[in-house]
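In: pasting the sequence and the predicted model now:
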Amino acid sequence: MESQPVLTHQNRNYGTNPGYVPAGEGNPAMFAPPAAPGADFLGPSAPPANMFDNMPGYEGTLAGGGAGGGFLPPPMPAFPTPQPQPPPEQPCWNIPSITENTAREAFALFASSKCCYSSAPAKDGVITAMDAFNTYRYRLETFTESRSTEWSHEPYHGQPVDAFAQRPPGPWEVPAKLPSFFMEDKQVMKVPYTSSMKACHVCIGMGRKPCKDCAGAGNKVCWVCNGSGYRHGDDRCHHCSGRGRENCTPCHGQGSKQCDTCQGKQQLLVYINLTVKWTNNCDNYIVEQSSGLQLDNLSKVSGKELFKDSQYMVYPVMGFPDPAVVNAAQRLVNEHQGKYSSTSRILQQRQTIELIPVTRVTYSWKGKSHIYFVYGNEFKVNADNYPATCCCTVM
C-alpha cells in the first residue's frame, strides 16, 4: 500500500509539529513536544476581572455570584409600611370531640385492614372511657422576594448590545411577574443596558483551542507499533503505514477543537443576570400532649383549621386557650420579621392554627382493659397492643 502523509488543516492556528519527521527505514518516528507539567489546554477557567464593565448600581456584582455579590437588600420603602393589626375579632375556640360511634367504626376499619388481626376486640369490646388530648399545630408562613445579580456570558451571534446606551435600572427596579402569594417561583432575566460584546477569554478570541489529546500536534504515536513504524523485524506496521504516527481522532488531525465557551464564534455577549426568587418560609410548632401517642404519627394526618390570618405583616395570635400556642406565635412572628426583612422583601404573611384531634379510647375485652388512639381528620388508629393478633401463624 502506498503511504499517505498525515493530513493537517491548512488554516489552523495551532499545532504545527516541527519535530515530526515520517519514519524512515528502521528509524523510529519523532514524538510531539511533551506538554508542560500541569499544562491546561482548556484555557482559563474564570473570566478576567477586566472583562466586565463598571455598571452604575452594580459595582459589587461578580461572575457566578461569588463573595461580594449574592443577595441584594431591598430598598427602604418610599411610604411607611402598614403596621400589623390584630384580627377584628377572635374566633370561638370551641374544641370538637369525636363520638363513641366514630371511635368504634375507626377501630373496626383498622382491625379489618390487618391480615393477622381478629375483628373480635373491635366488634365485642366495650368502650369504658374516651379522653381527648387535642394537639395544636401553629404554622407561620412568610412569603418573601429576594434578588441577586451575577455577571454571565453566552456565545455572541448577533444579540443586541446596549451597554451604556443609558443608565441600567436598579436591581429592585427591574419588573418581574409576581406569582400568587405563598407559591414559590424563580425568574432569571438580563438586566437591560448591561450587554456588551467581548472577545472570548477561553480561546483568546480565536474560536478554537489546542487539542489536549495530541498537545496541538494533530497526530499521536501509533499505538500498534509504539512509534517505530514496524511490528516485528522488517514487518511494516499496517495501522500507520510505517509512519509511526496516526491522526488524532478527537480533533480529526487538526490539532485544535472548537471552543466550547464561545462555540467557535470568537466573541461573547457579556451581561448582568438578575435572579428573582419568591420563597415561602414556613415554620411549625406542635404542642406536645401527654396522651402517650408518639408525635411522629401526627405528621401523617391532617387537622381541622381553627384560625387563619393573612396580611402584609401579621399580629401574633391572642386569646388562644393554650398559652404554648400564644408564646410560639409571639416568638415566630418576631423571628420572621427580623430575619427576613433584612435580606429580602416581605410580601405577605399567614398564620394558621390547626387542631389535630387525638382521642385515647379505653375499652374492655375478655375481662381485661386495653387502649387505642384515634387521631387526625382521617380518624387513623394506633393500637400497638392489640389483644388478638394470633389468627394466623407464620411457619
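Out: Looks like it arrived, so ask away. Everything numeric here is computed off the predicted structure, so don't read it as measured data.
In: what lines up beside whichever strand or helix holds Glu246 in the sheet?
Out: Element membership for Glu246 (DSSP states H and E) is strand 245-247. Strand 245-247 has the following strand partners under DSSP bridges: strand 219-221 (antiparallel).
In: so which bits of the partner strand are buried?
Out: Asn219, Lys220, Val221 (16 or more other C-beta atoms under 10 Å). (Each C-beta comes from the backbone N, C-alpha and C, glycine too.)
In: follow-up on the earlier one: average model confidence for the strand holding Glu246?
Out: Here strand 245-247 scores 90 as its mean pLDDT.
In: contacting residues for the residue nearest the centre of the chain?
Out: Centroid check for the chain by C-alpha atoms, centre = their mean gives Lys186 as the closest residue, at 11.4 Å. Contact analysis of Lys186 by C-beta atoms under 8 Å, 6 or more residues apart in numbering lists Thr275, Val276, Lys277, Trp278.
In: and the helices in the stretch 51-200 of the chain?
Out: Counting by DSSP state H, counting those that start in this stretch, the stretch 51-200 of the chain has helices at residues 100-112, 120-124.
In: contacts for the last one?
Out: Around helix 120-124, the neighbours that count as contacts under C-beta under 8 Å, 6+ apart are Arg104, Phe107, Ala108, Phe110, Ala111, Ser112, Tyr363, Trp365, His370, Tyr386, Pro387, Ala388.
In: mind doing that once more with 10 Å?
Out: With C-beta atoms under 10 Å, 6 or more residues apart in numbering as the contact definition, helix 120-124 has outside contacts at 104-112, 118, 363-366, 368, 370, 372, 381, 383, 386-389, 391.
In: one step back: paired strands for the helix or strand just after the strand holding Glu246, with orientation please.
Out: The first helix or strand that comes after strand 245-247 along the chain, using DSSP H and E, is strand 256-258. Strand 256-258 has the following strand partners under DSSP bridges: strand 208-210 (antiparallel).
In: just how off-centre is the strand it pairs with within its chain?
Out: Its chain's C-alpha centre lies 34 Å from the corresponding centre of strand 208-210 when counted by C-alpha atoms, centre = their mean, to the nearest Å.
In: cool, and stretch 346-364?
Out: 30 Å.
In: mind listing what's buried in that stretch?
Out: Neighbour-count burial for stretch 346-364, counted by 16+ other C-beta under 10 Å, picks out 346, 348-361, 363.
In: same question for stretch 171-189.
Out: Pro171, Trp172, Val174, Phe182.
In: possible to save those residues as JSON lines with pLDDT?
Out: Formatted as JSON lines, the buried residues of stretch 171-189 follow (pLDDT from 0 to 100):
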{"residue": "Pro171", "pLDDT": "93"}
{"residue": "Trp172", "pLDDT": "93"}
{"residue": "Val174", "pLDDT": "95"}
{"residue": "Phe182", "pLDDT": "97"}
